[in-house]
Every structure is written in C-alpha cells, then in structure tokens.
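Asks: Provided below for reference: sequence and predicted model.
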Amino acid sequence: MANLIYSVTLNYDFYIGTTDILPHIFLSELTAISGQTISTSLSDYAYFPLYHILIAEASELLNTGIKTSLFLVTAPIYAITIIFLYYLFNYITNNRQISLLSCLLFSASSVVLYYGTNVITRTMSFVMFIVLLYLIYVVNFKRDKLSLKTLSVIVVIFLTLVHNVSLPQLVLLLVILFASEYIIGGSSYISKPFFVFLNVTFISYWFFVAYVFVQRSLTPRLQSQFWDSIVLTAGGTEVLQESMVNLLGLMDKSIFLFFALIGIGFLLKNYKKNYASVFGLFALMTLIFYVPNPLNTIWQLRILFRVDRFMLFVSPFMAFIMGYGMYVFWNYMTKYSTKKVNSFVLMILLFSGFVFVSSVFSIGDSDFLGHDARHEYFTSDELNGFEHVFNYVPANSSIYTDYYSSRFFYLPLIPASSAEMNISSYDNYRIGDVNKLSQYKGYVVLRTQEFLRSGLYFGSEESTLKDTSNYFYQGLPENRQELEGNLAVLSKVYSSPSIDIFIPKPGLHPQQRVKAIQSKDLNTKINQDQT
C-alpha cells in the first residue's frame, strides 16, 4: 500500500488530489515558520492543530519541504492501519485466512486507495479511529487492561484535536455498533462508560474551547433556508449518470456486493451468537453509506453534513464482510463444484476485476476503460506560471481561474501579527461565466493545456450556497471557439505550453498596469531570446 501511495504522490511535480492538500500545506508551512499553532483569525483549524504540527515537525526532522514531508510521512501512517485491522479481525473470527483476505481487499478497494493518496486531517482521524477500535476490542482479550485503556484515552484526545467534524460521524457509527450488539444479543465488547467519555470529551471541547468554530462552521449549516427544499448536487447527478451509463466503473462495487451479501447472509443465518455476526449486521445497516445511492445526490446531506465521508469510515467493515463472503463462497464451490479448476479461475477473475477496476477508477490518471481521468496534479509548466503570478502580480489583486488553480492560490487573510512572514495574498475567484471574462477586474489565469485535454471545472461543488453556478467546461470545438472569442478582448501577459495569463485592457489600477506591462515586456524579451 505504501508503495502504491508513493507511486502517485511522488510521481508528479505537485500532486494535489482532492485539493484539500493545498490549504493544509499552507497551514503546516505557517506552523513550521512561526513555531506555534496558527491564529484563530486564520482558520478554524487553530482549534484542531495536531495534523499541522505533525507535518511541521516532520519537515524539521527530515530537513525537507512541507509538501515532501507530508507525502513521505503520511503514507506509512496510513498503511499501518492494515496491521491493526488484521489483529482486530483475527480476534473477532479467530481465523487467519479471513483476516488476511479482508486486509487484502481493504487495501485494494477504491475508497481506501484514493484516500491513501489524500491523507489529510479527516483521513488521519480515520487512522486513529481504526486504532481506537482495536484498543476497544483488544481490552476484552488482554490481561493488562490499564495500559490499553490509557492508550484509548490518549487516542480520544488525539481524535478531538486532529479534525473538526469527524468525531460526530464516528460516534454515529459506534451507536450503530451498539444497536447491532443489542440486536444480535451476544457479547457486548464496546464499553458504555468509555462511549460516554468519548462524547463528553469532544462536546466539552467544542462548546467551551472551540466555540468560535461552532459559531462559524456548525451554526450556519442549521439555518432554515438550507432545508426548505431538497436540492440535487452536480456530484449527485454524476453518481446517477455513472450508475446508468458507465456500468464498467461500478464493476468493483458489483463484485463487492456479490460477496458482501453472501457474507452478511451467512453470518446472520448461521452465527447469530458469534460476534462476527455483529459486524455483518453493522455492515448491512451502513451499506447505504458505501454504495452509490440517492443519498449521494441530496445537497443537504452531501455538502452540508458530508455523508460521503462515511465511505472511508465504514470501509474496514465492508472489506471484512466481503472477505467473509469470498471465504464462504470459495469453500462452497470447492465442496460442491465438480470442476475445482473452474472455481479457482472464477475466483481469480472476480478478485482481479475488483482490484483492477478499483485502481483505475480511484488513482488512475489515464483515460482507460471509458474512464475520463482527471489530472489531479500540476505540471512543471503550470507551476512556473503560478510562480510568475507570485513574482509579478501585486498583493490583493483579483485572480480568476478554475477550481483546482484557485485552491493553489488559497491564502486566507493574514493577521497583522503574521505580517513579518511576507506572504502575498490575493482576492481569489473562480470563473463563473466565460462570457463575462471582459468584465473581470483582475487577472485571468487559464490552464490552457488541461482545458484542451479534458476541460476545466469552474465553480466548486463544496460551496455552501445552493445557487452557486457549477459546471465542467470541456474542451469541445464550440467551447474552444467561445473561449477564444472572449479572450480576444483581453491582453495576454504570460504564455507557456500549459498556462496563459490575461488582464482586461481597461479596469486595472495604475500600479497593477505598470507591473503587467513590465511583466509583458520581460516575457516578450524571453521569447525573443529563445527564438
């Protein structure tokens, strides 16, 4: 798993993944420079600083940049979850084959692969959730309980301070585990006093320490206008379209469902008093969080309360029931099938198909199997264009660009106490309508090569406004003609094979105009020298 993660994150000039990596690199950089946690005026992550402290410390110890340190350190931390899951599954089933197979399927699933290359704060909370589950269950199998309980308390504190909203989701999953234990009626392994302690810890911290975070991030999401009607998201529409048209992209989910339903049915029918059946019932109750379904299309659930993040949190349980189902199916086929060779070939084909499609549709960057892959990274030419912006565009200028690039230029309002860091900041906007480019009073940064290859995403599906214009602007012939016509009225101040920078002919401040002219003259001279 670590090798697969590194082959993605260290293979490109700047891998950005979900783009959440970019602001976390920035906040970690500030933590390393200042030697203290970030200011509350900078971000709500000031109340949840452990991730940025970890990356900043790794940068100091390894003597490498923040970006490199983040990718180097987070991969083994994420990969080590397999060890905890193996022991957890082995305690529950007392079967090494099922445990090993479940861990193999876990490491090969598309959700786990994708988040392995995007180990950010919520992914780190998932890692600690796995460790916490291991500690909760292993208490029932070890004699030295005090040390394990002490470690559990430390992990709870870590979970409270590493990410802002993961704990309520994890608590909901623990509630479902409680309900599964009660319904099955067997042994109860989750300590109720510990569950109360977990809730008291993070709720007390939220309301007595991180109350500004509650006011700024949680309270606005409960406003009545967000709940007056059901709204479908652009991402939700893609899920429906994928389900109906791009069936090949769902082949791994189909194979998963085949074995998962076998595992759930076998556990609930034959092992009602076995604790493994608790995991089976839990997987059945949380299956709606893992497979494509209408929940992923509702804006209120997907955007406001991020139901999509449950996919990662329930992935270990899904791998467990899939592994159990594959184990049962194999035993049944070898026992009752007349041709064991055919059974073996079928299992190999299903497993290979699951792994192959999972990898292609999660971390693949080439168009394959009808999959239009997004390039979730910046090339060296694009980075040179961004560096040109930092060198020649005055601070506080307006910059209009696509979604990925806007996340690169994400620089929050720097507090006065941090002014000595000499960090440039810009008024950052995403292009809303290419027909209004001439009206923008600022710089237009366009990744031309990426637009021609697959298109650019204007707008953000993570917006908390229901009326935000979100659309994918593809490099179709009519779109190329439309874009060229609107760019013709602008002045090009920078050009490379990958990126172009424009400014409107009217509307710039005198200082900005001088800077732009100087930049244009310099770029012209460079082109002449190269010629």
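Replies: Nice, thanks for sending it over.
Asks: and the helix ranked longest in the chain, which residues are buried?
Replies: Longest helix in the chain, counting residues (DSSP state H): helix 310-336. Buried residues in helix 310-336, counted by 16 or more other Cβ atoms under 10 Å: 310-330, 333. All C-beta atoms are positioned from the backbone trio N, CA, C, and that covers glycine.
Asks: Stretch 27-39 too?
Replies: So for stretch 27-39, counting by 16+ other Cβ under 10 Å, buried means 27, 28, 29, 30, 31, 32, 37, 38, 39.
Asks: Now it: average pLDDT?
Replies: Averaging pLDDT along stretch 27-39 yields 89.
Asks: ok, now stretch 287-298?
Replies: Per-residue pLDDT over stretch 287-298 has a mean of 82.
Asks: now swap in stretch 129-136 and tell me
Replies: 94.
Asks: Number the residues from 124 up from this point.
Replies: Happy to do that; since the first residue is 124 now, the last one works out to stretch 252-259.
Asks: could you dump stretch 204-219 to CSV, C-alpha only?
Replies: What follows is stretch 204-219 as a C-alpha-only set of coordinates in CSV (Å, rounded to 0.1, in the frame of the first residue of the first chain):
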residue,chain,number,x,y,z
THR,A,204,-3.9,0.5,9.6
ILE,A,205,-3.7,-2.8,7.9
ILE,A,206,-1.8,-4.3,10.9
PHE,A,207,-4.4,-3.1,13.4
LEU,A,208,-7.2,-4.4,11.2
TYR,A,209,-5.6,-7.8,10.9
TYR,A,210,-5.4,-8.3,14.6
LEU,A,211,-8.9,-6.9,15.1
PHE,A,212,-10.4,-9.2,12.6
ASN,A,213,-8.4,-12.2,14.0
TYR,A,214,-9.7,-11.5,17.5
ILE,A,215,-13.3,-11.5,16.2
THR,A,216,-13.1,-14.5,13.9
ASN,A,217,-10.1,-16.5,15.2
ASN,A,218,-9.5,-17.3,11.5
ARG,A,219,-6.2,-16.1,9.9
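Asks: what's it in contact with?
Replies: 124, 221-223, 225-226, 229-230, 249-250, 253-254, 256-257, 260-261, 264, 398-399, 402, 439, 442-443, 446-447, 450 (Cβ atoms under 8 Å, 6 or more residues apart in numbering).
Asks: Next, format the buried residues of stretch 150-162 as a markdown table and append distance to residue 168 and secondary structure.
Replies: Listed next are the buried residues of stretch 150-162 as a markdown table, based on distance: Cβ to Cβ, whole Å; DSSP: H, G, I helix; E, B strand; the rest coil:
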| residue | distance to residue 168 | secondary structure |
| --- | --- | --- |
| 150 | 6 | helix |
| 151 | 10 | helix |
| 152 | 13 | helix |
| 153 | 10 | helix |
| 154 | 10 | helix |
| 155 | 15 | helix |
| 160 | 9 | coil |
| 161 | 7 | coil |
| 162 | 10 | coil |
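Asks: Would you mind pulling up the elements that the helix or strand where residue 193 lies packs against?
Replies: If you go by DSSP states H and E, residue 193 is part of helix 189-202. Here helix 189-202 touches helix 125-132, helix 144-157, helix 173-185, helix 233-239, helix 244-261, going by 3 or more Cβ pairs under 8 Å, 6 or more residues apart in numbering; DSSP states H and E.
Asks: Next, the angle helix 125-132 makes with that helix.
Replies: Here the directions of helix 189-202 and helix 125-132 differ by 150 degrees (axes from the mean of the first three to the mean of the last three Cα atoms, to 10 degrees).
Asks: So the most far-flung residue of the chain relative to its centre, which state does it fall into?
Replies: Using Cα atoms, centre = their mean, the residue of the chain lying farthest from its centre is residue 461. It sits 45.9 Å away. Look at residue 461: counting by DSSP: H, G, I helix; E, B strand; the rest coil, its state is coil.
Asks: Could you do the one 10 residues further on as well?
Replies: Secondary structure of residue 471, reduced to three states by three-state DSSP: helix.
Asks: same thing with residue 265?
Replies: The three-state label given to residue 265 by three-state DSSP is coil.
Asks: Let me see the ranges of the strands in the stretch 524-654 of the chain.
Replies: 550-553, 566-569, 579-581, 594-596, 613-618, 623-627 (DSSP state E, counting those that start in this stretch).
Asks: brain fart, the stretch 374-523 of the chain
Replies: Remark: strands assigned in the stretch 374-523 of the chain by DSSP E, counting those that start in this stretch are 500-501, 521-524.
Asks: tell me the angle of the longest helix of the chain relative to helix 244-261?
Replies: Orientation of helix 433-459 against helix 244-261 (the same axes, to 10 degrees) gives an angle of 50 degrees.
Asks: on contacts alone, who are the packing partners of helix 433-459?
Replies: Where contact means 3+ Cβ pairs under 8 Å, 6+ apart, helix 433-459 is packed against helix 204-216, helix 219-231, helix 233-239, helix 244-261, helix 289-307, helix 374-393, helix 399-409, helix 463-486.
Asks: Quick one: mean pLDDT for the first one?
Replies: Translated: helix 204-216. Mean pLDDT, computed over helix 204-216, is 95.
Asks: With the last one instead?
Replies: When pLDDT is averaged over helix 463-486, the result is 86.
Asks: Please tell me how far that helix is from the chain's geometric centre.
Replies: With Cα atoms, centre = their mean, to the nearest Å as the basis, helix 463-486 stands 25 Å off its chain's centre.
Asks: in it, what's buried?
Replies: Those would be 466, 470, 473-474, 477-486, for helix 463-486 by 16+ other Cβ under 10 Å.
Asks: and if you look at stretch 399-415?
Replies: For stretch 399-415, by 16+ other Cβ under 10 Å, it's 399-410, 412-415.
Asks: Which of the helices and strands packed on helix 433-459 sits closest to residue 529?
Replies: The minimum distance between residue 529 and the helices and strands packed on helix 433-459 falls on helix 244-261, with 20.2 Å, by Cβ to Cβ.
Asks: Which other helices and strands does the closest one contact?
Replies: Against helix 244-261 (3+ Cβ pairs under 8 Å, 6+ apart) you get helix 173-185, helix 189-202, helix 204-216, helix 268-285, helix 289-307, helix 433-459.
Asks: Give me the residue ranges of this protein where confidence is low.
Replies: Applying pLDDT under 70 to the chain flags residues 347-349, 351-372, 394-396, 490-496, 534-547, 582-594, 629-654.
Asks: need the helices and strands packed on helix 433-459 in CSV with distance to residue 183, can you?
Replies: Below are those laid out as CSV (distance: least, Cβ to Cβ, whole Å):
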stretch, distance to residue 183
helix 204-216, 26
helix 219-231, 31
helix 233-239, 25
helix 244-261, 19
helix 289-307, 27
helix 374-393, 40
helix 399-409, 40
helix 463-486, 30
